[in-house]
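# mind folding the following:
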Amino acid sequence: MFEQYFRSNEEAGALYGTEDLLEVRSHSDDLKSFLQNWDAGIAGMKRIPDQNTLKDLFIRQLRKSRRMAFDLDVYDRSPEGSHQRSYGFLAQSVICLQGNA
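Below is the predicted model of the structure:
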C-alpha cells in the first residue's frame, strides 16, 4: 500500500501533495527541522500552492511555536496585504529564528 502510494504519485511527477504539508509539524519548537521538512515537502510537489494557501498551512503550525510569539504578534497586528502579513514574512521569521536555536 505504501509503495503504491508513492508509485502513483511518482508517475504523476510528484512525491507530495498539499495534504502532506498539513502533516509537517514542529516538534519541541525545533524550527530548523520544521523548515527543512516544509521545504522538502514543497520541493517534492508537482504544483506548488499559491502564497495564500502556503501562508494558511504554514501559520497553522507556527501558532504552536513559543519561539514565534513575537513575530506572530507582528503578523496579527499588521493590515491585510502588508508585507508583515505574508507568507514571505513568516518564512523569513523562521529562517532568522532557526539560527538562534
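
# who's in contact with residue 34?
24, 25, 26, 27, 61, 94 (Cβ atoms under 8 Å, 6 or more residues apart in numbering). All C-beta spots, glycine's among them, are computed from the backbone N, C-alpha and C.

# pLDDT weak spots in this structure?
The model of the chain has pLDDT under 70 over residues 1-14, 99-101.

# apply 50 and report the result again.
Along the chain, segments meeting pLDDT under 50 span 8-10.

# quick one: the residue nearest the centre of the chain and residue 82, what's the gap?
Nearest to the geometric centre of the chain sits residue 58, at 3.7 Å (Cα atoms, centre = their mean). For residue 58, the distance to residue 82 equals 17 Å [Cβ to Cβ, to the nearest Å].

# residue 61: neighbouring residues, count only.
Here the count is done by other Cβ atoms under 10 Å, and residue 61 has 19 residues near it.

# how deep is residue 77 tucked in, by neighbour count?
Counted with other Cβ under 10 Å, residue 77 comes out at 10.
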